[in-house]
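>>> Structure for this input, please:
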Amino acid sequence: MLRKYETTFNKILPAAIIMIIIVLLFNSIMLARTVGYIHFPGEMGKTEVARQAAEMKVDFYEQRAAEANVLGSSSVRDALAQMKFELEKAKTLEGIFEVQSIHGENLREVIDRELDKKRSEIILNIINKDQGVKYYEGESLITISKKETSGVEIEDGANLLSEKTVNLLKQNKVLRKGTWSPIEVRVDNGKSELVTARTLIDRIKMYETEVNGLRSELKEIRTFAGLTELTGGGITVKLFDSEEGFSDIDIVHDRDVRDVVNELLAAGAAGVSIGDNRIVANSSVRCAGPVILVNQQPIAVNPIVIKAVGDPKILASSLDLIKSQLMEFGIRVDISEEENISLPPLKEKSDK
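Okay, here's the model as predicted:
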């Protein structure tokens, strides 16, 4: 009996081990997929998912502007075109989120402002046609608003508006949509005009938009100046001295490093670092005897590590010529494309 159980166990054991291996392998693949190391065929990466979401947001705002009949406004068209342009230019996950945050908010505010303007024009046009308003002697205030739980509400203390005018205001398709802040119309001896006190809010919104724009420009300037950390897709380049000797032509020189950096910048790199040193407009790369100095700081050699943020494939292909030239002297150039790398900010100079 015992021998029979042993035989059965021996038959089941290999299948059980294979099943356990399959389960572990499957769990490992799913874990790698979850953290973004691998993607299944046809599956989009995080950057493409974010880009698609941003494009859907643009479509939403464009449809909203069309439904509100403000798509023909030049300010709306300009804001839409600017967001589409910035989104197309953004190559990193951080850049796409920044476009959504800054330009998406700006687009929303432009549409809301144009919609407020359109509502005001409609209200003023309807009220101006009312005969009671035309022949009114004195001064009165009419307030029109739209709350979420009710229709268009009209406060007309002097009862200037006719029943026809009231119905036109309450049934207007544009005025019936959404919710909006009260719009006040002052009637003064037959003449009606919008109360200008509301322009203070518009000015505040305009200043907020300008401040956000300046913040965006400042951040972009600081990034290009190398004053902030820069992250995104890119490449890592490693330059190794020739293994055959250590004569002058067998080692990596400062001019070789400069050539690599210049090619990367010409290929559209958003930022470059050598070792832990960020490269900016006035950076220096030079030899001091056997030592290579970057921004007056010695760097590790063999390999010399250069990192660049930008389109990985374009940056890598831009170094084909330099790579082949250095190989003639036995200098090895290793290039790896990466989904996410970080460049340190420019190191502040010591006061010593």
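
>>> didn't V285 look like it was pressed against V291?
No: counting by CB atoms under 8 Å, V285 stays clear of V291, with 11.8 Å between them. C-beta coordinates here come from the backbone N, C-alpha and C atoms, glycine included.

>>> who's more crowded, the two?
Taking other CB atoms under 10 Å, V285 and V291 do not tie; V285 has more neighbours (21 against 11).

>>> phi, psi of D241?
When read as degrees, to the nearest 10, the backbone of D241 gives phi -60, psi 160.

>>> now it: how far from N189?
Distance, D241 to N189, by CB to CB, to the nearest Å: 91 Å.

>>> Compare the two (neighbour count), which wins?
Taking other CB under 10 Å, D241 and N189 do not tie; D241 has more neighbours (18 against 9).

>>> quick check: mean pLDDT across stretch 68-79?
The pLDDT scores in stretch 68-79 average 87.

>>> Equivalent analysis for stretch 115-124, please.
Mean predicted lDDT for stretch 115-124 stands at 88.

>>> Quick check: buried residues in that stretch?
Residues of stretch 115-124 classed as buried: 115-116, 118-120, 122-123 (neighbour count, 16 or more other CB atoms under 10 Å).

>>> what's around V187, how many residues?
Neighbourhood size, V187 [other CB under 10 Å]: 24.

>>> Kindly list the longest helix within this structure.
helix 93-128 (DSSP state H).

>>> Which strands and helices lie in contact with that one?
Helix 93-128 is packed against helix 46-67, helix 74-89, helix 163-171, helix 173-176, strand 180-188, strand 191-194, helix 199-224, strand 230-240, with contacts defined by 3 or more CB pairs under 8 Å, 6 or more residues apart in numbering; DSSP states H and E.

>>> Tell me which of those sits most buried.
For these, the largest average neighbour count (mean count of other CB atoms under 10 Å) is found in strand 230-240, namely a mean of 22.

>>> strands paired with that strand, and their directions?
strand 304-309 (antiparallel), strand 332-343 (antiparallel) (DSSP bridges).

>>> I'd like these as a markdown table, with mean pLDDT, mean neighbour count and distance to P298 appended.
Putting the strands paired with strand 230-240 into a markdown table (pLDDT from 0 to 100; neighbours: other CB atoms under 10 Å; distance: least, CB to CB, whole Å) gives the following:
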| stretch | mean pLDDT | mean neighbour count | distance to P298 |
| --- | --- | --- | --- |
| strand 304-309 | 93 | 24 | 11 |
| strand 332-343 | 91 | 16 | 19 |
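
>>> Roughly how far does the residue positioned nearest the centre of the chain sit from G233?
When CA atoms, centre = their mean is applied to the chain, the residue found nearest the centroid is I96 (2.5 Å). I96 sits 12 Å away from G233, going by CB to CB.

>>> Can you pull the residues that touch both of these two?
Counting by CB atoms under 8 Å, 6 or more residues apart in numbering, the contacts common to I96 and G233 are T47.

>>> Please name the bridge partners of the nearest residue to N277 once chain neighbours are set aside.
Leaving aside its chain neighbours, N277 sits nearest to V294 (4.3 Å; criterion: CB to CB, 6 or more residues apart in numbering). When bridges are called by DSSP bridges, V294 pairs up with V285, Q297.

>>> going forward, begin numbering at 28 instead of 1
Sure thing, new numbering starts at 28, so read that last one as V321.

>>> quick one, what contacts L168?
With CB under 8 Å, 6+ apart, L168 has these contacts: 184, 211-214, 222.

>>> Is it bridged to anything, and to what?
Note on L168: beta-bridge partners R213, judged by DSSP bridges.

>>> Check the spacing between it and L187 real quick.
10 Å.

>>> same thing with G178?
Here G178 is placed at a distance of 20 Å from L187 (CB to CB).

>>> which of those two has more neighbours?
Between G178 and L187, counted using other CB under 10 Å, L187 has the larger neighbour count: 22 against 12.

>>> Who are the contact partners of the more buried one?
Here L187 is in contact with 157, 159-160, 163, 167, 169, 214 (criterion: CB under 8 Å, 6+ apart).

>>> quick one, what contacts the nearest residue to I368 once chain neighbours are set aside?
With sequence-adjacent residues excluded and distances taken as CB to CB, 6+ apart, I368 is closest to G261, at 4.9 Å. Going by CB under 8 Å, 6+ apart, G261 touches 296, 334-337, 339, 342, 364-365, 368.

>>> Go again with 6 Å.
335-337, 339, 368 (CB atoms under 6 Å, 6 or more residues apart in numbering).

>>> ok, so of the residues you listed, who is nearest I231?
Of all those, V336 has the smallest distance to I231: 36.8 Å, by CB to CB.

>>> How about that closest one, nearest residue that isn't a chain neighbour?
Here the residue nearest V336, using CB to CB, 6+ apart, is G261, at 4.1 Å.

>>> measure that neighbour to E166 for me?
Counting by CB to CB, the gap from G261 to E166 is 66 Å.

>>> Same check on E190?
23 Å.

>>> before we move on, what about H280?
Taking CB to CB, one finds H280 at 84 Å from E166.

>>> If you count surrounding residues, which of the two has more?
The neighbour comparison of H280 against E166 (other CB under 10 Å) goes to H280, with 16 against 10.

>>> Contact partners for the more buried one?
By CB under 6 Å, 6+ apart, H280 lies in contact with nothing.

>>> now the one 10 residues further on
Residues touching E290, when contacts are defined by CB under 6 Å, 6+ apart, comprise 345-346.
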